[in-house]
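[1] What follows is a predicted protein model with its sequence.
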Amino acid sequence: MLKYTQLVLDHFKNPRNLGRIENPDAEATEGSIACGDMMTVYLKVDKDRIVDIKFESYGCAANIATASMMTEVVKGLTLSEARNLNWKDIVEKLGGLPKVKYHCSNLAVDTLRKAIDSYRSRREGPSPSEDGMEGGFSCPSN
Amino acid sequence: MLKYTQLVLDHFKNPRNLGRIENPDAEATEGSIACGDMMTVYLKVDKDRIVDIKFESYGCAANIATASMMTEVVKGLTLSEARNLNWKDIVEKLGGLPKVKYHCSNLAVDTLRKAIDSYRSRREGPSPSEDGMEGGFSCPSN
Amino acid sequence: MRVFLDNCRTTAVIDEVVEEMKKYLTDKYSRPDGLYETAQAVHEDLEGARSFFARSINASSSNEIVFTSGATESNNLALLGVARANQRHGNHIAISALEHGSVMSIVKRLEKEGFDVTIVPVNEQGILDLNVFEKSLKASTILVSVISVGHFVGSLMPLKEISEILKRQNHKIYFHTDAAEMYAKMPLDVEELGLDLVSVSGHKFHGPKGVGFLYIRKGTKIEPIMYGAESFDRRRPGGENVPGIMGMKKAAEISLKDVKDNFSKLRELQRYFIERVESEIDDVLLNGPRDDKRSPYNVNMSFSFIEGEAISLALSLEGVEVATGSACASEQLKPNYAILAIGGDHERAHGSIRFTFSRFTTKEEIDYTVDKLKGVVKWLRNISPLSPKNSGR
Amino acid sequence: MRVFLDNCRTTAVIDEVVEEMKKYLTDKYSRPDGLYETAQAVHEDLEGARSFFARSINASSSNEIVFTSGATESNNLALLGVARANQRHGNHIAISALEHGSVMSIVKRLEKEGFDVTIVPVNEQGILDLNVFEKSLKASTILVSVISVGHFVGSLMPLKEISEILKRQNHKIYFHTDAAEMYAKMPLDVEELGLDLVSVSGHKFHGPKGVGFLYIRKGTKIEPIMYGAESFDRRRPGGENVPGIMGMKKAAEISLKDVKDNFSKLRELQRYFIERVESEIDDVLLNGPRDDKRSPYNVNMSFSFIEGEAISLALSLEGVEVATGSACASEQLKPNYAILAIGGDHERAHGSIRFTFSRFTTKEEIDYTVDKLKGVVKWLRNISPLSPKNSGR
Ligand SMILES: Cc1ncc(COP(=O)(O)O)c(C=O)c1O
Ligand SMILES: Cc1ncc(COP(=O)(O)O)c(C=O)c1O
């Protein structure tokens, strides 16, 4: 079986910042149904700072837990700080993840970035790509 | 393991007609040390009838038991009767033998025949071969 | 409360089976090839077991039973052994699309050895398509392997019809079935079904792990996959796992005694389970056939908008242990091939949960499971961006 | 009184081992690949066992341990697997003349597959002839397999010297040992001995039958002999025999705790046994080496003028269970090859009796055995036409 830490299980059972924000300043969805892993992130931004964040998840326990942890971590950060978040930070915060689940933390970070980018591009027009560090997302088995 | 009947075990533990006859009317040894199977039969003959028979055995439990059973069966028979004894008769009398042990009953019968033939040839000169029904003896594994 | 509904993966061993094994672990520990009486006694018990298993599937001789370390080994011996031994008669092998992963891996290996393999599709119920099957047969076909019961979606395969098709061919085609999910759960008659080789695993019917057997019909040309000392069975050498074999025998005796009653009992439970779920949870899809075409030991359902690993983990936190076809639950991150084979898409595979019963499954367990399942599904749908309910919240 | 002195064939399982197995048969019955917590617990125990076995032979990683159904399978996986996977590096294999029957059968099979096999002779003590061995190596040699302890005549093989010779070669030659008669009976260190593959069997050291392992040094090129589902170990698929593995671990723990003390204790018993027999029975011949070169678990003697099957059967009627090298005791009616390999003739093979001890063997049992042996030998010599004593009667 996939060995989850107690903390992962806790975030799975009691996800923080779960749900949606009505009239968010930005939102983004990443992943795909076909991959079995999908996530939506909603942001409220005030003075370049994330003042509220919520998520919805279609995915495995690791997906839910990493999303939950990600929202906890970024709440209160500036957009730039949040955008620099690495998937490894989340895995570490959770006390580790089974290797085959690393892509879940990737997905959480990717969705967050996409939301941030969409916020910025709505404000400022498309940015000269801070993106691409981790590459795009695709079904990990393919 | 080799499954022996109770009767075989009894003949193994308490072989009948064991030992040698001093000044026998005939004796014969068959089998070979290399094969791990050897037997000597001693005969006392009176008026063409086996009045006493004893045996010695180098061999397995089946060897000892078949020799013992053979001596019981032929004691009192005429030489011709005895010489017609078949190895299957002995196997039957013992309530069966593991198949790989059939050659032991063969050896018992062969040794008996050899003793009878030697008795006769000493009396009458070589016989025109009543022999050969079962063929000669050779290591069963070779 | 622990409710184990993953009985198709393995089962708990019955106490009487443990007692029987204990006897052969401690007291009757001699190996059957010893020269002494205690060994002879073990030899007789072992041959008694062999003949019991032969009778249990209506085989004609106990010599047709070869003990193995389980169904995986039985499948390997059957497929590798028959294919390699019959190469000069042909190189084509046909299997169903719902074979156990071991058979799938074995035929991949055989392809590397030059064999030509056809994977015959199943219909949307998971039942072998007999027309396509018949057409797939060639003059070079030497072996057909079709699982008795689709182990993921519970479909009963038309073994008898397959063997009738095989008998109509002009040449001998060996017929193997992996009966890990059938033996001791329903009647299995090698004569009636025309089977040449049957794989069985002890731990699927409350016997021990690490032991099984392969039925090999007399006259079958087969070569071993292992070689051993002369004191061992040439077809499958090695010191016999006597405690395992005797334990498996005890488990089979217990299971076979009331195999038909138990079948009916489970059929009822299954119906009840499916009914409750279908009436109390929206957007569920039964994977595999209904009623007579389905093994009563298996229910498999997909829950839309949510993912199976999360469902099964959430259930397990309530004590309910099940399996899922979600990619996220597999080391390879691949969606279950059985769901794809019956025409399901990835989402359906990801949302699929397999509940498998045993003779000891009770109505209370079923009720408990459905109750918990409802809560879990509701909760996960609540947090899923895919749920239509979310849009309307 | 039952005195079991056939411990090289198998052993009685220790009660604590039975208890440990029971735990995994009934309570912790989940398979390690389940998604739920009980499965995770079993997974951890299983990996704990793997790492225990790795440490027990000083392997560098637990991943180098592959569980099998016993030493026969381990030998098959090692020899077939390495030979087939390394064919393009060469086709020559060297083994000793005292290999277990399984290795003998495996190399016969490999010969059919085109491999070139050298059976390296042993000296009259049953110890591999290192000169001949070194000369037998070729540029095409890919694999050497030498048994740790000659299982019939008890000779300790010069494993370290062999691996030194192998290291002097210009190319990699894999070194396998069948350690069924060594593991848990004496220290075994894969680093010190330079071993690449080691076969072990649970039932040789008071563990269960039907389970064993193969140590495979990291980096070894090997192909499986069985193929399985993706959830299983690729090197050896199939539902893990968890109760067997955990029982084997418990048995190894118990045995290894005092392995050196036990070694010394048995060395004493062995000396005592040999001394008594040699001084109280005429015309006996010790088969195999004396003292340090011999495993303390084994005594093998030939009794002139009489035959081993009869000796062992007569002994068993007194409760003493042993093995013999007599042709009459083998299904194939062939004299034991180990006795022939050490230069003995057929008579010596036919008259040979193997007494093998366990950690539980006592002085009382030895005394009882020698007493009974004296009677049996006397009686059988009495009825043998070969006995010189008979001539003088
Ligand atoms: C040296 C040796 N190798 C291999 C084996 C076979 O072991 P297993 O019964 O575990 O297959 C034995 C025992 O029969 C043995 O003594
Ligand atoms: C249909 C089927 N075949 C084969 C197997 C493998 O059985 P075993 O664990 O005995 O190798 C299983 C269970 O995993 C199975 O369900």
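    Yep, it's here. Ligands and ions are numbered 1, 2, ... in the order given.

[2] C:Phe273 is in contact with C:Phe355, correct?
    Yes - here C:Phe355 reaches C:Phe273: they are 7.1 Å apart, a contact under CB atoms under 8 Å. Any C-beta I mention is one placed from the backbone N, CA and C, and that applies to glycine too.

[3] how about the strands in chain A?
    A:26-32, A:37-46, A:49-58 (DSSP state E).

[4] buried ones in stretch A:72-90?
    Neighbour counts over stretch A:72-90 (16 or more other CB atoms under 10 Å in any protein chain shown) mark A:Glu72, A:Val73, A:Val74, A:Lys75, A:Leu77, A:Leu79, A:Ala82, A:Arg83, A:Leu85, A:Trp87, A:Ile90 as buried.

[5] would you put the C-alpha positions of it in CSV?
    Backbone C-alpha positions of stretch A:72-90 (Å, rounded to 0.1, in the frame of the first residue of the first chain) are rendered in CSV as follows:
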residue,chain,number,x,y,z
GLU,A,72,-2.0,26.7,4.5
VAL,A,73,1.5,27.6,3.4
VAL,A,74,0.6,30.3,1.0
LYS,A,75,-2.1,32.1,2.8
GLY,A,76,-0.6,35.5,3.7
LEU,A,77,2.3,35.3,1.2
THR,A,78,2.8,37.8,-1.5
LEU,A,79,2.0,36.5,-5.0
SER,A,80,5.7,36.3,-5.8
GLU,A,81,6.6,34.4,-2.7
ALA,A,82,3.7,32.0,-3.4
ARG,A,83,4.7,31.6,-7.0
ASN,A,84,8.2,30.6,-5.9
LEU,A,85,6.8,27.7,-3.7
ASN,A,86,8.4,24.4,-4.7
TRP,A,87,6.6,21.1,-4.7
LYS,A,88,9.4,19.7,-2.5
ASP,A,89,8.5,22.3,0.2
ILE,A,90,5.0,20.8,0.4
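
[6] and that stretch, does that touch chain C?
    No - using CB under 8 Å from any CB of the partner chain, stretch A:72-90 stays clear of chain C, with a minimum separation of 15.7 Å.

[7] average pLDDT across that stretch?
    The pLDDT scores in stretch A:72-90 average 95.

[8] Tell me which residues are up against it.
    A:16-17, A:45, A:48-53, A:66, A:69-70, A:93, A:102, A:105-106, A:108-109, A:112-113, A:116-117, A:119-120, A:130, A:134 (CB atoms under 8 Å, 6 or more residues apart in numbering or on different chains).

[9] Tell me where the model's unsure across the stretch 101-250 of chain C.
    Applying pLDDT under 70 to the stretch 101-250 of chain C flags no residue at all.

[10] If we ignore the residues flanking it in sequence, what's nearest C:Met226?
    Nearest in space to C:Met226, with sequence neighbours left out and distances taken as CB to CB, 6 or more residues apart in numbering or on different chains, is D:Asn76 at 4.2 Å.

[11] and that neighbour, how far is that from C:Ser69?
    Taking CB to CB, to the nearest Å as the measure, D:Asn76 falls 12 Å from C:Ser69.

[12] got it, and A:Arg120?
    A:Arg120 is 60 Å from C:Ser69, where distance means CB to CB.

[13] what's the answer for A:Asn63, then?
    37 Å.

[14] So for chain A, the centremost residue is which one?
    For chain A, the residue nearest the mean C-alpha position is A:Ala108 (2.5 Å; CA atoms, centre = their mean).

[15] pretty sure it is touching A:Thr66, no?
    Yes - at 4.4 Å, A:Ala108 counts as touching A:Thr66 under the criterion of CB under 8 Å.

[16] circling back to that earlier point, the helix or strand where the residue nearest to C:Met226 lies near ligand 2 at all?
    Using DSSP states H and E, D:Asn76 sits within helix D:71-85. No - with CB under 6 Å from any ligand atom as the criterion, ligand 2 is not reached by helix D:71-85; the gap is at least 13.3 Å.

[17] What's the first helix or strand after that helix?
    With elements assigned by DSSP H and E, the helix or strand that comes after helix D:71-85 is strand D:92-96.

[18] Now look at the helix or strand following that following strand and say if it contacts ligand 1.
    The element immediately downstream of strand D:92-96 (helix or strand, assigned by DSSP H and E) is helix D:101-112. Yes - counting by CB under 6 Å from any ligand atom, contacts between helix D:101-112 and ligand 1 involve D:Ser102.

[19] so what secondary structure elements neighbour whichever helix or strand comes after helix D:101-112?
    As assigned by DSSP H and E, the chain's next helix or strand after helix D:101-112 is strand D:116-120. Applying 3 or more CB pairs under 8 Å, 6 or more residues apart in numbering or on different chains; DSSP states H and E, we find strand D:116-120 packed against strand D:92-96, helix D:101-112, helix D:130-136.
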